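# any chance you could fold what I've pasted below:
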Amino acid sequence: MKVYILEDEIVQQFRLESLVKNYMQQKKYPVEEIVTCDRS
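Purely as a prediction, here's the structure:
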């Protein structure tokens, strides 16, 4: 599974990425990659 996170604030990007990784590990979902980006 690929996950894309769109967030302008870098601190929130890291926070959301961490939350998603932890959730996916708990649920044992396979994650190919997590991509974070902002508006630019």
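# dump the residue contacts of the spatially most central residue of the chain.
Nearest residue to the geometric centre of the chain (CA atoms, centre = their mean): residue 17, 3.1 Å. Contacts here follow CB atoms under 8 Å, 6 or more residues apart in numbering; on that basis residue 17 touches 5, 34, 36. Using the backbone N, CA and C atoms, a C-beta is placed for each residue, glycine as well.
# got it, and residue 10?
With contact taken as CB under 8 Å, 6+ apart, residue 10 is in contact with residue 38.
# please report how far it lies from residue 2.
Note on residue 10: its distance to residue 2, by CB to CB, to the nearest Å, is 21 Å.
# could you pull out the strands in this protein for me?
2-6, 33-37 (DSSP state E).
# as TSV, these with mean neighbour count, mean pLDDT and distance to residue 27 would be great.
Output for those, formatted as TSV (neighbours: other CB atoms under 10 Å; pLDDT from 0 to 100; distance: least, CB to CB, whole Å):
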stretch	mean neighbour count	mean pLDDT	distance to residue 27
strand 2-6	12	95	13
strand 33-37	12	94	14
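# relative to residue 31, how far out is the residue located most distally from the centre of the chain?
For the chain, the largest distance from the centre (CA atoms, centre = their mean) belongs to residue 40, which lies 17.7 Å off. Computed as CB to CB, the residue 40 to residue 31 distance reads 25 Å.
# kindly report the same for residue 38.
For residue 38, the distance to residue 31 equals 21 Å [CB to CB].
# same deal with residue 10?
According to CB to CB, residue 10 stands 21 Å off from residue 31.
# go on, residue 11?
As defined by CB to CB, residue 11 lies at a distance of 22 Å from residue 31.
# over to residue 6?
Separation of residue 6 from residue 31 (CB to CB) stands at 17 Å.
# where does the prediction get shaky in the chain?
Along the chain, the model assigns pLDDT under 70 to no residue.
# and residue 21, which of the strands of the chain is closest to it?
With CB to CB as the criterion, residue 21 lies closest to strand 33-37 of the strands of the chain, at 6.6 Å.
# so which elements touch that closest one?
Packing partners of strand 33-37 (3 or more CB pairs under 8 Å, 6 or more residues apart in numbering; DSSP states H and E): strand 2-6, helix 10-27.
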